[in-house]
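1. return a 3D structure for these sequence lines:
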Amino acid sequence: MRSRDAALDGIRAFAALGVWLLHVGSNTGVMYREGMYAWMMSRLGIAVPVFFVLSGLLLYRPWARAVLEGGPRPRPLGYLWRRVLRVMPAYWLVTGLALWAWSPFDWTGWAKWMLLAQNYFPDDPPPDGLYQMWTLPVEMSFYVLLPVLAWALHRWARAGSGGGRPLRLLAGIAVLPVVSVATVVVARVLGLPQLALWLPYHLVFFACGMAMAVLSVWLGHSRVIDALAPQLLVLALLLYAVLSTGWAGPRTLELPTLSQSLLRVSLEAAVAVLVVAPFALAARPDSLRHRVVGNPVTAYLGRISYSFFLWHAPVITLQLKLTGAQPFAGDFTSVAVVSLVVTTLLSVGTHHLIELPALRLSAHRSAPAPPPAAPAPAPVAAAP
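-> So this is what the prediction gives:
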């Protein structure tokens with residue numbers, strides 16, 4: 001099995017912790033106070049675009065390699081099977097428990113949530129403890145669409161000369177952010193906020209990851225990105241500071257204006273790219289940035305980050321219910337400490353007892369049988 005990229009796992013860990021801290025801050029009311037730190041906490045939702053960029057990078061890279069290096073393309077059915085086994089078993093466990101504990105739904109409501117269709121029924125309020133799950137239907141929609149996108153990009157790139165194929169791929173991918181901008185405009189002009197829960201609204205983030213996948217195959221290790229990595233990370237922090245102002249919209253559930261929405265999407269895409277690019281396009285394990293972000297602790301937290309993402313909201317919800325805390329008035333420190341410890345322990349168990357067995361099953365089921373008198377195929381790499 002191919003070794004994982006410790007630095008990208010570390011980024012995933014920091015993103016998961018950002019989502020957790022955002023929800024601790026919102027549930028205890030700290031996020032809605034005045035001051036710079038409250039505003040910066042309110043924008044920790046930037047973690048979601050980071051997750052989307054990583055998905056575009058890691059999942060499209062085998063297809064990009066097939067176009068640029070002439071290797072075999074992933075088999076769509078095998079790829080989709082791995083995605084289902086990567087996402088659904090742990091999701092079913094956590095969602096089923098939360099629905100059983102706190103949901104008023106009948107079987108139709110259960111079916112919507114268990115099939116990741118909840119985003120398409122905006123009139124159904126999310127049950128307690130599942131407010132973070134809106135991102136998973138977006139992710140799954142991208143998983144389903146990716147083989148079609150990859151096929152279209154493959155045909156488009158192959159229509160050109162060998163030397164121009166990377167540029168044709170990038171040009172084809174550049175259509176996706178246009179779809180996002182159009183969706184943002186439609187959502188705000190026509191008053192359709194539910195579009196923010198659909199894939200087209202977020203395609204810009206996946207497209208950035210796909211473009212990085214092309215560049216990582218085409219250019220390999222970029223000396224320019226390597227040399228500029230510290231400056232890129234500082235620029236990401238500065239843009240995050242701009243994102244943490246009223247220019248990018250309110251902190252509450254009040255809808256932003258069209259200009260605020262466009263600025264926010266643009267800044268989120270820029271910050272996510274600037275954070276991921278130094279590690280995706282200039283991987284150098286001996287560098288300080290890789291040693292810090294990809295240290296053994298953060299790398300392991302990155303491996304369990306999906307379970308951490310699933311569990312943290314139900315844990316926070318249960319803790320607040322048990323302590324009888326009023327909405328937006330819980331004690332930040334106690335909620336943070338208890339929820340972090342409990343969520344981490346649950347995530348370790350879910351990762352090793354559910355996620356890893358499912359990944360082994362997906363690798364076993366999707367591995368092609370070797371032809372007679374031919375060497376055995378290489379094991380399938382672990383899903384990102």
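2. so S261 makes contact with W247?
-> No. Using Cβ atoms under 8 Å, S261 is not in contact with W247; the gap is 11.4 Å. Quick note: C-beta positions are derived from backbone N, CA and C, even for glycine.
3. of these two, who's got more company?
-> Shown here are S261 and W247; by other Cβ atoms under 10 Å, S261 has more neighbours (21 against 13).
4. secondary structure element holding the residue nearest to that one when sequence neighbours are not counted?
-> Residue nearest to S261 in three dimensions, not counting chain neighbours: V184, with 5.1 Å by Cβ to Cβ, 6 or more residues apart in numbering. Here V184, judged by DSSP states H and E, is contained in helix 175-189.
5. can you pull the buried residues of that helix?
-> 176-177, 179-181, 183-184, 187-188 (16 or more other Cβ atoms under 10 Å).
6. how far does the very next helix or strand once past that helix sit from the chain's center?
-> Counting by DSSP H and E, the element after helix 175-189 in chain order, helix or strand, is helix 199-219. Centre-to-centre, helix 199-219 and its host chain are 12 Å apart (Cα atoms, centre = their mean, to the nearest Å).
7. the one residue sitting closest to the centre of the chain: what's it in contact with?
-> For the chain, the residue nearest the mean C-alpha position is F51 (2.1 Å; Cα atoms, centre = their mean). Applying Cβ atoms under 8 Å, 6 or more residues apart in numbering to F51 gives the contacts 12, 15, 135, 139.
8. check which helix or strand covers the closest residue to the last one other than its chain neighbours.
-> Nearest in space to E139, with sequence neighbours left out and distances taken as Cβ to Cβ, 6+ apart, is S55 at 6.3 Å. Of the helices and strands defined by DSSP H and E, S55 is found in helix 47-69.
9. okay, and M140 sits in which element?
-> Using DSSP H and E, M140 falls in helix 135-158.
10. which strands and helices sit next to that helix?
-> helix 47-69, helix 76-102, helix 165-173, helix 199-219 (3 or more Cβ pairs under 8 Å, 6 or more residues apart in numbering; DSSP states H and E).
11. ok, residues contacting stretch 181-189?
-> Residues outside stretch 181-189 that contact it (Cβ under 8 Å, 6+ apart) are 192-193, 195-196, 198, 200-201, 203-204, 255-258, 261-262, 265.
12. could you dump it to CSV, C-alpha only?
-> The C-alpha coordinates for stretch 181-189 follow below in CSV (Å, rounded to 0.1, in the frame of the first residue of the first chain):
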residue,chain,number,x,y,z
VAL,A,181,-19.7,32.1,-9.9
ALA,A,182,-22.9,31.8,-11.9
THR,A,183,-24.4,29.7,-9.1
VAL,A,184,-23.5,32.3,-6.5
VAL,A,185,-25.1,35.0,-8.6
VAL,A,186,-28.3,33.0,-9.2
ALA,A,187,-28.5,32.2,-5.5
ARG,A,188,-28.3,35.8,-4.4
VAL,A,189,-30.2,37.5,-7.2
